[in-house]
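A.B. asks: Predicted model and sequence follow; I will ask about them next.
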Amino acid sequence: MPSPYRNLVRSCLIFLTLSLSACFAPEIVRKPKLIAMDVIDDNSNFPKPVIRRVILSRKGAYQNCYEQQLQHKPDLNGQISINLKVSGTSGNVLVAKVVGTTMNSPPVEQCILGHIRKLRFPAPKNGKTVIFTYPFRFRPS
């Protein structure tokens, strides 16, 4: 004959199993996002898709700049607009500077600038220096 406590014990075991599995379940980690944006203030004939492709070739590096500071300030987010001057002969970045920010995080800004300065664009066909502004938008997931 079954014990009157059998259902109670079974319910308790199920509850404990579910509780423990929740404690040891892998935590879902959401990665912060760099939201790809488009070129603004483009006063050149440089193709926007080329600019975007070259800029985003180092997306992981920019993401890393943001993630490092996100550890110290979990609510860090915003937009950083960077103005670039690209050589018309070599495609090297001659000047890169922050021209606008809502993030207000000099460590993130300087880190991104360091990576931007290493970029190499294809030399423009007309051989003229190219100047444009590229916005970066970051937000925690």
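C.D. replies: Noted; the coordinates are in hand. Numbering: from 1, shown residues only.
A.B. asks: For Arg139, which non-adjacent residue is spatially closest?
C.D. replies: Closest residue to Arg139 apart from its sequence neighbours, by Cβ to Cβ, 6 or more residues apart in numbering: Asn77 at 4.4 Å. (Glycine included, C-beta is placed from N, CA and C.)
A.B. asks: in the chain, which segments are predicted with low confidence?
C.D. replies: For the chain, the stretches with pLDDT under 70 are 1-45.
A.B. asks: Please, where are all the strands along it?
C.D. replies: Ranges of strands in the chain, per DSSP state E, are 33-35, 78-86, 93-101, 130-139.
A.B. asks: And the ones you listed: which comes nearest Leu113?
C.D. replies: Minimum separation from Leu113 across the strands of the chain (Cβ to Cβ) falls at strand 93-101, 5.3 Å.
A.B. asks: just the angle between that closest one and strand 130-139, please?
C.D. replies: Angle, strand 93-101 to strand 130-139, by axes from the mean of the first three to the mean of the last three Cα atoms, to 10 degrees: 50 degrees.
A.B. asks: and strand 93-101, what does it pack onto?
C.D. replies: strand 78-86, helix 106-116 (3 or more Cβ pairs under 8 Å, 6 or more residues apart in numbering; DSSP states H and E).
A.B. asks: Pull out the buried residues from that strand.
C.D. replies: For strand 93-101, burial by neighbour count (16 or more other Cβ atoms under 10 Å) applies to 93, 96, 98, 101.
A.B. asks: Dump the residues you listed into JSON lines; add distance to Glu109 as well.
C.D. replies: As requested, the buried residues of strand 93-101 are exported to JSON lines (distance: Cβ to Cβ, whole Å):
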{"residue": "Val93", "distance to Glu109": "15"}
{"residue": "Ala96", "distance to Glu109": "10"}
{"residue": "Val98", "distance to Glu109": "5"}
{"residue": "Thr101", "distance to Glu109": "6"}
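A.B. asks: Which members of the residues you listed define the maximum pairwise distance?
C.D. replies: Maximum pairwise distance in the buried residues of strand 93-101, criterion Cβ to Cβ, is 18.8 Å, between Val93 and Thr101.
A.B. asks: Verify the contact between Leu84 and Val93 for me.
C.D. replies: Yes - using Cβ atoms under 8 Å, Leu84 is in contact with Val93, at 5.7 Å.
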